[in-house]
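> this one's sequence-less:
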């Protein structure tokens, strides 16, 4: 009987401990990763005032310059965080894949970016952003688009109806 009570009390204590683990406050790095996720979601939907609050003051002008075409000439279709790499407790890198297209082309492109984040007091700020891989042009890089030399032939084939000859 005593052993049974001990087992029940032990299981109850374990259940309370397991339930309490989910309520632990997030670590600094976890808060930073959540900040990066919120930042990129806000960037995708054009919430620039929220985004600029998370960019380091020293980098705000350059960030704004690189993203000025977002929402006008460049449309972001999706942003996905594909990895993180911590550097101690106050720095980490986030790797994101951006699916995007130019409004005048309507061709889906993909670019992988590396964002470096730094913790300043109890806040996380974007310290830098660079293109690692993929299509050029997302961050305001100059892109030369070649136009065809002559007019294009119509893409539509002639309509042929059953029961009619080709000359009708």
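The structure has been received and is ready for your questions. Fair warning: this is a prediction, and the values are worked out from it, not measured in the lab.
> burial of residue 133, as a residue count?
11 (other C-beta atoms under 10 Å). For the C-beta atoms, the positions are set from N, CA and C on the backbone; glycine is no exception.
> what do you get for residue 79?
19.
> Check residue 92 too.
Neighbours of residue 92 under the rule other C-beta under 10 Å: 21.
> Check whether it sits in a helix, strand or coil.
strand (DSSP: H, G, I helix; E, B strand; the rest coil).
> I'd say it and residue 117 touch.
Yes: assessed by C-beta atoms under 8 Å, residue 92 is found in contact with residue 117 at 5.5 Å.
> which neighbours do these two share?
residue 32 (C-beta atoms under 8 Å, 6 or more residues apart in numbering).
> ok, now how distant is the closest residue to residue 78 other than its chain neighbours from residue 67?
Nearest residue to residue 78 in three dimensions, chain neighbours excluded: residue 99, at 4.3 Å (C-beta to C-beta, 6 or more residues apart in numbering). For residue 99, the distance to residue 67 (C-beta to C-beta, to the nearest Å) stands at 16 Å.
> coming back round to it: what strand or helix carries the residue nearest to residue 78?
Using DSSP states H and E, residue 99 maps to strand 91-102.
> tell me what that strand is packed against?
helix 28-44, strand 74-86, strand 109-120, strand 123-134 (3 or more C-beta pairs under 8 Å, 6 or more residues apart in numbering; DSSP states H and E).
> ok, the nearest residue to residue 137 once chain neighbours are set aside - how many residues close by?
Distance criterion C-beta to C-beta, 6+ apart; nearest residue to residue 137, sequence neighbours excluded, is residue 143 at 4.4 Å. By other C-beta under 10 Å, the residues close to residue 143 number 10.
> So, low pLDDT: which residues of this protein?
Confidence mapping of the chain against pLDDT under 70 gives the ranges 1-26, 165-168.
> Centroid-nearest residue for it?
residue 79 (3.0 Å; C-alpha atoms, centre = their mean).
> Show me the beta-bridge partners of it.
Here residue 79 sits in beta bridges with residue 98, as judged by DSSP bridges.
> which residues sit in contact with it?
Residue 79 touches 40, 41, 43, 44, 96, 97, 98, 99, counting by C-beta under 8 Å, 6+ apart.
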